[in-house]
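**Q** Predicted model and sequence below, questions to follow.
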Amino acid sequence: MLQLVDAHAHLEDLKDVEGAIRRAVDVGVVAVIAVGSDHDSSRFALEMSKKEGYGLRIYPALGIHPWNLSQSRIEPALNFIESKIDEAVGVGEVGLDYWYREARKDPERKKLQQDVFNALLKIAKRHDKPVIIHSRGAWKDSVDTVIETGVKTAVFHWFTGPTEVLERLLEKGHFVSATPAAEYSREHRRVIENTPLENLLLETDSPVNYQGLEAEPSHVIRSLSAVAKLKGVRENVVADKTTENASKIFRIKV
């Protein structure tokens, strides 16, 4: 059986976490990176990572999603991430989203996104952790900020940005993660086609809905199949390389 890593899942939002994990094991998932998007979900990811007997490993990443910025809770969330960072494999999900309604309506909310993103990147750099980045509508600014901050390794999740921005992040040695949207999204497919296997990961962004189907970690096989078809290679080649990449980036055992 293939060994697969789901490099980005929001386990706290799954309706049946235990069942989803069992189904993931059945298709060859050996590890899941459980991302945090606020204080509570980051804590949940940490708690899940300590549970045993699942048949796969759950590794926590701690973050503050740009949709979840509440001025009164930012400082405690940043302090929590800093205090628990040694227990995590990465910082994420973090980033910028200029298409988010609050950022479109209020320049101050956009500035807040940028300030929090910078603070999180500095935590990642201080502790030599990879970052998992949301960059919707803010592709260039996200990449530029990562480069300017000096973060060593970043994974741009579900990337759909312009090819010239993709080329810039790849030149710096960063990564892109492919979702099941690679089956049908023109922009995401273009990104996957232009990203070498050496810079690719697989993910589900569970429980995002893809054309009527709510994702869970077992659906990483959809990402695998889509990437293999776009690249014109066998699925085992994609599985081996993306799992190797995840192991290297997050320093995990698979």
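**A** Cool, the structure landed. Numbering: from 1, shown residues only.
**Q** Residue ranges in the protein under the pLDDT threshold?
**A** By pLDDT under 70, the low-scoring segments of the chain are 71-72.
**Q** Look up how far Ala215 lies from Ala24.
**A** 11 Å (C-beta to C-beta, to the nearest Å). Where C-beta positions appear, they are placed from N, C-alpha and C, glycine not excepted.
**Q** Going along the chain, name the helices of the stretch 51-200 of the chain.
**A** Counting by DSSP state H, counting those that start in this stretch, the segments of the stretch 51-200 of the chain that form helices are 71-84, 101-105, 107-126, 139-149, 163-171, 186-193.
**Q** Those helices: which one's closest to Val91?
**A** helix 107-126 (4.2 Å; C-beta to C-beta).
**Q** what helices or strands is that closest one leaning on?
**A** helix 71-84, strand 90-95, helix 101-105, strand 131-134, helix 139-149 (3 or more C-beta pairs under 8 Å, 6 or more residues apart in numbering; DSSP states H and E).
**Q** wait, which of the ones you listed is closest to Leu170?
**A** When the helices and strands packed on helix 107-126 are compared by C-beta to C-beta, helix 139-149 sits nearest Leu170, at 9.9 Å.
**Q** got the angle between that closest one and helix 107-126?
**A** Following axes from the mean of the first three to the mean of the last three C-alpha atoms, to 10 degrees, one obtains 40 degrees for the angle between helix 139-149 and helix 107-126.
**Q** just the CA coordinates of helix 139-149, formatted as CSV?
**A** Written as CSV, here are the backbone C-alpha positions of helix 139-149 (Å, rounded to 0.1, in the frame of the first residue of the first chain):
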residue,chain,number,x,y,z
TRP,A,139,-0.2,35.8,-3.4
LYS,A,140,2.5,38.3,-4.1
ASP,A,141,2.4,39.9,-0.7
SER,A,142,2.4,36.5,1.0
VAL,A,143,5.5,35.3,-0.9
ASP,A,144,7.3,38.6,-0.6
THR,A,145,6.7,38.7,3.2
VAL,A,146,8.0,35.2,3.7
ILE,A,147,11.1,36.0,1.7
GLU,A,148,11.7,39.3,3.5
THR,A,149,11.2,37.7,6.9
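**Q** chain center to that helix, what's the gap?
**A** Relative to the chain's own centre, helix 139-149 is displaced by 16 Å; criterion: C-alpha atoms, centre = their mean, to the nearest Å.
**Q** what helices or strands is it leaning on?
**A** Counting contacts by 3+ C-beta pairs under 8 Å, 6+ apart, helix 139-149 packs against helix 107-126, strand 131-134, strand 154-157, helix 163-171.
**Q** One more pass at 6 Å, please.
**A** helix 163-171 (3 or more C-beta pairs under 6 Å, 6 or more residues apart in numbering; DSSP states H and E).
**Q** follow-up on the earlier one: could you dump the helices of the stretch 51-200 of the chain into JSON lines with distance to Ile249 added?
**A** Below are these laid out as JSON lines (distance: least, C-beta to C-beta, whole Å):
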{"stretch": "helix 71-84", "distance to Ile249": "18"}
{"stretch": "helix 101-105", "distance to Ile249": "28"}
{"stretch": "helix 107-126", "distance to Ile249": "12"}
{"stretch": "helix 139-149", "distance to Ile249": "14"}
{"stretch": "helix 163-171", "distance to Ile249": "14"}
{"stretch": "helix 186-193", "distance to Ile249": "17"}
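**Q** Adding distance to Tyr54 and mean neighbour count, write the ones you listed out as a markdown table.
**A** Shown next, in a markdown table, are the helices of the stretch 51-200 of the chain (distance: least, C-beta to C-beta, whole Å; neighbours: other C-beta atoms under 10 Å):
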| stretch | distance to Tyr54 | mean neighbour count |
| --- | --- | --- |
| helix 71-84 | 21 | 15 |
| helix 101-105 | 37 | 14 |
| helix 107-126 | 27 | 18 |
| helix 139-149 | 32 | 19 |
| helix 163-171 | 33 | 16 |
| helix 186-193 | 29 | 17 |
